[in-house]
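Pasting the sequence and the predicted model now:
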Amino acid sequence: MPGILGLSSLLLWFGLMFWLYNNSPQWFFIPFFVAATFFYLRMMEAKSS
């Protein structure tokens, strides 16, 4: 189950980035993509409790 959730989350992320790439100017997309992907990966990493 966690694998399916992770895969669907990744596919939705790529879908959102593709949509944003088509609907935003190039100067905005590149820095936004780098920052958003960094924070997405930080949010998705496993937390030790």
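The structure has been received and is ready for your questions.

can you give me the helices for this structure?
2-23, 26-44 (DSSP state H).

Check which helices and strands the first one sits against.
With contacts defined as 3 or more Cβ pairs under 8 Å, 6 or more residues apart in numbering; DSSP states H and E, helix 2-23 has these neighbours: helix 26-44. C-beta coordinates here come from the backbone N, C-alpha and C atoms, glycine included.

okay, now the nearest residue to residue 13 once chain neighbours are set aside: neighbour count?
Leaving aside its sequence neighbours, residue 13 sits nearest to residue 40 (Cβ to Cβ, 6 or more residues apart in numbering; 6.2 Å). The local packing of residue 40 (other Cβ atoms under 10 Å) involves 15 other residues.

same check, this time on residue 35
Counted by other Cβ under 10 Å, the residues lying close to residue 35 total 10.

Kindly provide the distance from it to residue 42.
11 Å (Cβ to Cβ, to the nearest Å).

returning to that earlier point: can you redo the helices of the chain as CSV with mean pLDDT?
What follows is the helices of the chain, written out as CSV (pLDDT from 0 to 100):
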stretch, mean pLDDT
helix 2-23, 86
helix 26-44, 86
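
Residue 8: neighbouring residues, count only.
Residue 8 has 10 neighbours, counted by other Cβ under 10 Å.

ditto for residue 14
Residues lying near residue 14 (other Cβ under 10 Å) number 10.

could you measure it against residue 40, distance?
11 Å.

same deal with residue 17?
10 Å.

ok, now residue 34?
11 Å.

what does residue 10 give?
Residue 10 sits 9 Å away from residue 40, taking Cβ to Cβ as the criterion.

Also residue 30?
For residue 30, the distance to residue 40 - Cβ to Cβ - is 16 Å.

Leaving aside the residues adjacent along the chain, what's closest to residue 29?
residue 21 (5.5 Å).

Could you tell me how many residues sit around the one you found?
Burial of residue 21 is recorded as 13 neighbouring residues (other Cβ under 10 Å).
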